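In: A structural model of the following input is requested.
(one chain, ligands or ions: 4)
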Amino acid sequence: AKADQLEQPLCFDASLGLEKDARCSLEADIEAGLERNEFRVVYQPIARARDGKTVSVEALLRWEHPTRGAVPPDVFIGVAERSRLIRRLGDFVVDSVCREIPPHAGFTVSINLSPTQLKDPDLCARYLEKLGAAGLTSSKIELELTETVLVDDFEQAKQRLHEFNAAGFRVNLDDFGTGFASMGYLHMLPFSKIKVDKSFIDALGKGEGPNKMLQALALLGDALNLDMVAEGVETESQASMLRLLGFEYLQGWHFGAPMTARALAERMNNAA
Ligand code: C2E
Ligand code: CA
Ligand code: CA
Ligand code: CA
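Out: Ligands and ions are numbered 1, 2, ... in the order given. Now for the predicted structure:
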């Protein structure tokens with residue numbers, strides 16, 4: 001049976017049935033796309049709630065495929081996570097940040113990590129080395145992790161988080177509220193910020209329930225001494241409600257859409 005398994009083609013996965021073909025071809029495409037330079041990183045401003053100043057930017061991957069067009073990260077990240085491609089994409093993001101963000105930029109850069117990237121024992125050392133070579137320090141980098149990472153292997157996640165912290169990275173909990181996994185774990189892990197998922201912000205002002213939910217989340221942040229970041233803030237009325245609720249940071253189209261490094265540099269120059 002073992003020999004049979006080994007002889008199966010790389011992409012064979014009976015449980016996925018027909019889907020497997022699409023996934024395999026996407027995998028091959030991601031690899032080709034990396035070689036053809038079709039990926040790039042864009043940066044979305046994260047504003048300090050108090051004064052609207054851009055204090056951080058989130059690095060977000062973009063893929064412009066010659067025939068598929070713009071492939072959303074939600075699609076290709078998921079495929080890449082099931083293969084070693086996620087490591088290459090992750091490294092591509094860090095390399096881009098190192099190349100595009102000046103060492104003395106007056107803001108931090110948030111980088112998303114997939115749960116599977118935590119299984120890479122060299123990740124922390126490799127990122128440190130890349131940053132060091134570019135004159136950037138880990139204190140300028142915030143790593144974003146979603147709740148799913150905690151369900152997978154809590155002990156491993158915890159160990160990695162401590163490792164990142166010891167290396168000078170801040171680690172933030174992303175998409176908070178979309179699962180309930182981390183509620184009980186939150187206080188056991190060295191997070192710096194909680195990013196509240198856009199779905200909660202969308203519901204703001206649409207009844208007492210959603211407002212109370214956000215109020216409770218903001219109180220939770222206070223209790224745990226964690227800064228709260230609201231995602232997907234699209235209007236000034238949302239922004240002012242979130243300020244009142246005590247959110248420290250606001251991110252969304254109202255403060256700026258993801259943009260190229262060049263556009264970001266221009267924006268920061270104009271603001272200075
Ligand atoms: P995320 O980490 O929650 O990123 C925030 C997403 O919300 C981004 O979508 C951003 O463009 C979008 N967004 C921000 N403000 C607004 C707004 O006001 N309105 C609306 N409608 N959307 C807003 P994007 O860039 O499509 O990324 C989707 C997801 O893909 C990300 O969600 C993240 O989970 C993943 N992703 C993106 N880049 C990377 C990466 O480099 N590595 C990893 N592991 N995942 C990534
Ligand atoms: Ca994120
Ligand atoms: Ca998020
Ligand atoms: Ca707060």
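In: Do you have the strands of the stretch 1-150 of the chain handy? List them.
Out: Here the stretch 1-150 of the chain has its strands, by DSSP state E, counting those that start in this stretch, at 39-48, 54-65, 69-71, 108-112, 141-146.
In: Pick the most buried one from those.
Out: strand 141-146 (a mean of 23; mean count of other Cβ atoms under 10 Å). For the C-beta atoms, the positions are set from N, CA and C on the backbone; glycine is no exception.
In: one step back: would a markdown table of the strands of the stretch 1-150 of the chain with distance to ligand 1 and mean pLDDT be doable?
Out: Formatted as a markdown table, the strands of the stretch 1-150 of the chain follow (distance: least, Cβ to the nearest ligand atom, whole Å; pLDDT from 0 to 100):
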| stretch | distance to ligand 1 | mean pLDDT |
| --- | --- | --- |
| strand 39-48 | 6 | 98 |
| strand 54-65 | 4 | 97 |
| strand 69-71 | 10 | 95 |
| strand 108-112 | 4 | 98 |
| strand 141-146 | 6 | 96 |
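In: The residue of the stretch 1-150 of the chain found nearest ligand 4: neighbouring residues, count only.
Out: Ranked by Cβ to the ion, the top residue of the stretch 1-150 of the chain for proximity to ligand 4 is residue 49, at 8.7 Å. Residue 49 has 22 neighbours, counted by other Cβ atoms under 10 Å.
In: Which positions in the stretch 101-250 of the chain make contact with ligand 2?
Out: Neighbours of ligand 2 within the stretch 101-250 of the chain, by Cβ under 5 Å from the ion: 112, 144, 174.
In: Tell me who's in contact with residue 108.
Out: Residues in contact with residue 108, defined by Cβ atoms under 8 Å, 6 or more residues apart in numbering, are 55-57, 139-142, 170.
In: Out of these, give me the two with the largest separation.
Out: Across the contacts of residue 108, the two members that end up farthest from each other (Cβ to Cβ) are 57 and 139, 15.2 Å apart.
In: What ranges does this structure have for its helices?
Out: 2-7, 19-35, 73-81, 85-100, 123-133, 148-152, 154-166, 198-202, 208-224, 236-245, 261-271 (DSSP state H).
In: ok, the nearest residue to residue 77 once chain neighbours are set aside - contacts?
Out: In this structure, residue 77 finds its nearest non-sequential neighbour in residue 114, 6.5 Å apart by Cβ to Cβ, 6 or more residues apart in numbering. Contacts for residue 114 (Cβ under 8 Å, 6+ apart) come out as 77, 80-81, 86, 90.
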